[in-house]
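**Q** here is my input; please provide its structure:
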Amino acid sequence: MEDERNNIISGEETDVSALSVEDRIKRAERSIVKKYRKEIWTKFTKAINTYDLIQDGDRIACCISGGKDSMLLAKLFQELKRHGKKNFEVIYLSMDPGYNEANKAKILENAKLLGIPLQSFESDIFDSVSDFDLSSACYLCARMRRGSLYSRAGELGCNKIALGHHYDDVIETILLGMFYGGQMQSMMPKLHSTNFEGMELIRPMYLIREESIKNWRDYNKLTFLQCACRFTEAAEASGTAHNSSKRAEVKSIIRELKKLNPIIEKNIFRSTENVQLDTLIEYRDSTGRHNFLDTYNDKAGKK
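**A** Numbering: from 1, shown residues only. Here you go, the predicted model:
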């Protein structure tokens, strides 16, 4: 009977909306380790092992914004706790920077449908940046939200915060830096905080494709927040919102390039793993800037 029930829960033709909350949670969890094992679960564990993201004794704040990425990240951590070998703790942390009531309710609804025990806290970040123009507000909001999450995680005894950035975020960030910032940089799988001593940021979904996340979402008939930003909502309501952002432009460029080269995304990602410093005019590290002329004559005649 249990096997028959599992087959019904996991079936492609299942009316997910008719399932109980308990069965919807089970379906979401089984789909991670069964149906999407190769695309999601295996890549999640590979990133953790490849980049050494989790150690025994860690206390991790899994930061949940309410979007598809962070909600899946929470479920992945739950599965890792259930099936993994590391001894660590996870707190599922959600910050409300000033969401409207509908968005708050949606986050809580999805947390219930997925069995995620949220710890929520409020801030006044949206109010704090409301007097700035949209471009400045977005930048300030992102920095303030990150700082608030670090602070709260520290108060809860955490030594790491985990964010839901994925593979597509990484390659888009690489091109954004080149096209619009005139620099070569990547979104790192982990970082030590410069402002919060002893705190580290990790990105366990670093190798997971966004399409896989969308497939998992749709298979489980889930709907998440797209953008809960108050300023974007206001711009859309007034008809003054821009139809595209710089990241959307880069997504479009990658789609076009992929028509010419099917492995373009892989090559963009790998480019930051195969940097040839001797072929760069100048680069910068923690000790400062280094120009090729600094050592050019020293290498004369050497092979």
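
**Q** drop to CA atoms for contacts and neighbour counts, all remaining ones
**A** Will do.

**Q** buried residues in stretch 247-254?
**A** V250, K251, I254 (16 or more other C-alpha atoms under 10 Å).

**Q** what residue ranges in the protein score low on pLDDT?
**A** 1-5, 8, 124-141, 227-244, 301-303 (pLDDT under 70).

**Q** dump the buried residues of stretch 247-254 into JSON lines; add distance to I264 and secondary structure as well.
**A** Compiled in JSON lines, those are given as follows (distance: C-alpha to C-alpha, whole Å; DSSP: H, G, I helix; E, B strand; the rest coil):
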{"residue": "V250", "distance to I264": "13", "secondary structure": "helix"}
{"residue": "K251", "distance to I264": "12", "secondary structure": "helix"}
{"residue": "I254", "distance to I264": "8", "secondary structure": "helix"}
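
**Q** the helices in the protein, which residues?
**A** Along the chain, the stretches classed as helices by DSSP state H are 2-10, 21-33, 42-50, 68-83, 101-114, 125-128, 134-155, 167-181, 210-219, 230-238, 246-260, 264-271, 293-296.

**Q** can you redo those helices as TSV with distance to Y283?
**A** Listed next are the helices of the chain as TSV, based on distance: least, C-alpha to C-alpha, whole Å:
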stretch	distance to Y283
helix 2-10	51
helix 21-33	41
helix 42-50	26
helix 68-83	33
helix 101-114	43
helix 125-128	36
helix 134-155	25
helix 167-181	14
helix 210-219	31
helix 230-238	36
helix 246-260	24
helix 264-271	15
helix 293-296	12
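
**Q** and those helices: which comes nearest N195?
**A** Of all those, helix 134-155 sits nearest to N195, with 8.6 Å by C-alpha to C-alpha.

**Q** so S123 is in contact with S94, correct?
**A** No. Contact criterion C-alpha atoms under 8 Å: S123 and S94 do not qualify, at 10.8 Å.

**Q** what touches both of those two?
**A** Residues touching both S123 and S94 (C-alpha atoms under 8 Å, 6 or more residues apart in numbering): none.

**Q** mind listing what's buried in stretch 35-47?
**A** For stretch 35-47, burial by neighbour count (16+ other C-alpha under 10 Å) applies to K35, Y36, E39, I40, W41, K43, F44, T45, K46, A47.

**Q** er, stretch 209-229 actually
**A** For stretch 209-229, the neighbour count (16+ other C-alpha under 10 Å) marks R209, E210, I213, W216, R217, Y219, N220, L222, F224, A228, C229 as buried.

**Q** with stretch 285-296 instead?
**A** So for stretch 285-296, nothing qualifies as buried (16+ other C-alpha under 10 Å).

**Q** ok, now which ones touch R152?
**A** Neighbour list for R152: empty [criterion: C-alpha under 8 Å, 6+ apart].

**Q** circling back: and the two most separated of the buried residues of stretch 35-47?
**A** K35 and A47 (19.3 Å).

**Q** and the biggest strand by length in the chain, what does it pack onto?
**A** Longest among the strand segments of the chain by residue count, using DSSP state E, is strand 89-96. Contact here means 3 or more C-alpha pairs under 8 Å, 6 or more residues apart in numbering; DSSP states H and E; on that basis strand 89-96 packs against strand 59-64, strand 118-122.

**Q** and A153, what does it touch?
**A** Contacts of A153 (C-alpha under 8 Å, 6+ apart): A61, N159, K160, I161.

**Q** from those, which land in strands?
**A** Filtering the contacts of A153 for strands - DSSP E - leaves A61, K160, I161.

**Q** looking at these, state which has the most neighbours.
**A** Using other C-alpha atoms under 10 Å as the neighbour criterion, A61 leads the ones in strands among the contacts of A153 with 28 neighbours.

**Q** how much space between that residue and N49?
**A** Look at A61 and N49: by C-alpha to C-alpha, to the nearest Å, they are 19 Å apart.

**Q** with N291 instead?
**A** According to C-alpha to C-alpha, N291 and N49 sit 35 Å apart.

**Q** please apply the same query to S151.
**A** Note on S151: its distance to N49, by C-alpha to C-alpha, is 27 Å.

**Q** the more surrounded of these two?
**A** Neighbour tally, S151 and N49, criterion other C-alpha under 10 Å: the higher count belongs to S151, 15 against 12.

**Q** quick one: neighbours of the nearest residue to that one once chain neighbours are set aside, just the number.
**A** Counting by C-alpha to C-alpha, 6 or more residues apart in numbering, F196 is the residue found nearest to S151 once chain neighbours are left out, at 7.8 Å. Residues lying near F196 (other C-alpha under 10 Å) number 13.

**Q** do you know how far F196 is from S148?
**A** Going from F196 to S148 by C-alpha to C-alpha gives 11 Å.

**Q** do T223 as well
**A** Relative to S148, T223 is positioned 26 Å away (C-alpha to C-alpha).
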